[in-house]
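> Just a sequence and a predicted model for now, questions to come.
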Amino acid sequence: MADTWQRRARPYFEATFASDVARAEAKRYARSIGVPSAAALTSLGDNPVTFHAVALDEAGAPVPILNSDEGFALLFLDMAPEQVERIVATLMRPFPAGLMTDVGPLVANPVYADDELEPAFGRARYHGTVIWSWQQAMLAAGIARQLERGDLTMSARNTLITARARMESAMARSHTLRGSELWSWSQENGRYVVEPFGQRTEDETESNAAQLWSTVYLARPTQIGQRPEAAEVGCLTSN
């Protein structure tokens, strides 16, 4: 069943947007939520945007919410080098084109979805444009695992190295909340600033410190100021 899923399920979830459509959506969404769009638009370039949707709707069509679940694939699968490069490049695009912010990778981004879905994935929603510590740790561990491979193309390796550096920088900026299950963000002088989740009246939370994934990030051995090359993969890949 696992083999069948790996071989046949992916195409059902694949969502692709032409570059002009992706750019228009990113510009519109950035304006609607009040964030800068320049870096996001630059990152899109002229190529189509392709990613795996978060779910299928009742008709079997992909629900095109960009999401961080691709981190599972990076951590557990040996995909073709070009697929690894595409996944990492897509996730690491600056929000709102991708998931990456100054304070960590978001768990979801509705930029390419229908307008009526966008409010359900805002920065005050538990499954929205917020950063989960364990998903961040898993993505960092997945990038580290892929870099251990000896069959990657130079292009894929360079994409991973750049992603690792950006992840370490973002994790340093959110270091004070490293023990939190998740956190949100606000804008300050055009930059994303970390903001605790659950303290605003509009925050819709299911947060529970007793959940084991609340402490996954704490098990990562990388310390602020440590060179990324010296860091080992976190507890998700340790014995």
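All right, it came through fine.
> Poorly predicted segments of this protein, please.
206-239 (pLDDT under 70).
> Based on its surroundings, how many neighbours for Ser184?
25 (other C-beta atoms under 10 Å). Where you see a C-beta, it was placed from the backbone N, CA and C, and this is true even at glycine.
> Relative to Gly190, how far out is it?
With distances taken as C-beta to C-beta, to the nearest Å, Ser184 is found 17 Å from Gly190.
> and if you look at Pro94?
12 Å.
> With Ala137 instead?
28 Å.
> which one of the two has more residues nearby?
Using other C-beta under 10 Å, the more surrounded residue of Ala137 and Gly190 is Ala137, with 26 against 10.
> Which of the three states applies to the more buried one?
helix (DSSP: H, G, I helix; E, B strand; the rest coil).
> now what about the helix or strand hosting Ser184, what contacts it?
Element membership for Ser184, per DSSP states H and E: strand 182-188. Under the contact criterion C-beta atoms under 8 Å, 6 or more residues apart in numbering, strand 182-188 has outside partners 34-35, 101-104, 107, 123-124, 126, 129-133, 174, 177, 192-197, 203, 207.
> and with 6 Å instead?
Contact with strand 182-188 is made by 101, 103, 123, 130-132, 177, 192-197, as judged by C-beta atoms under 6 Å, 6 or more residues apart in numbering.
> chain center to stretch 183-192: distance?
17 Å (C-alpha atoms, centre = their mean, to the nearest Å).
> what does stretch 25-39 give?
That offset, for stretch 25-39, works out to 17 Å (C-alpha atoms, centre = their mean).
> do the same with stretch 126-133
Computed by C-alpha atoms, centre = their mean, the chain-centroid distance of stretch 126-133 equals 10 Å.
> Next, the buried residues of the top helix by length along the chain.
Longest helix in the chain by number of residues, with DSSP state H as the criterion: helix 154-173. Buried positions in helix 154-173, judged by neighbour count with 16 or more other C-beta atoms under 10 Å: Ala156, Arg157, Thr159, Leu160, Ala163, Arg164, Arg166, Met167, Glu168, Ala170, Met171, Arg173.
> Is it correct that the last one is in contact with Val103?
Yes - counting by C-beta atoms under 6 Å, Arg173 sits close enough to Val103 to count as a contact (5.2 Å).
> measure Leu56 to Glu118 for me?
19 Å.
> Looking only at neighbour counts, state which of these two leads.
Per other C-beta under 10 Å, whichever of Leu56 and Glu118 has more neighbours is Glu118, with 18 against 13.
> Now do the strands in the chain.
14-17, 49-52, 55-56, 62-63, 66-67, 100-101, 104-105, 108-109, 131-132, 182-188, 191-196 (DSSP state E).
> With distance to Glu85 added, can I get those strands in JSON lines?
Below are those laid out as JSON lines (distance: least, C-beta to C-beta, whole Å):
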{"stretch": "strand 14-17", "distance to Glu85": "16"}
{"stretch": "strand 49-52", "distance to Glu85": "12"}
{"stretch": "strand 55-56", "distance to Glu85": "25"}
{"stretch": "strand 62-63", "distance to Glu85": "21"}
{"stretch": "strand 66-67", "distance to Glu85": "17"}
{"stretch": "strand 100-101", "distance to Glu85": "16"}
{"stretch": "strand 104-105", "distance to Glu85": "17"}
{"stretch": "strand 108-109", "distance to Glu85": "20"}
{"stretch": "strand 131-132", "distance to Glu85": "23"}
{"stretch": "strand 182-188", "distance to Glu85": "27"}
{"stretch": "strand 191-196", "distance to Glu85": "25"}
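> What segments of the chain are helices?
For the chain, the helices defined by DSSP H cover 2-8, 10-13, 19-33, 38-44, 70-76, 81-91, 133-147, 154-173.
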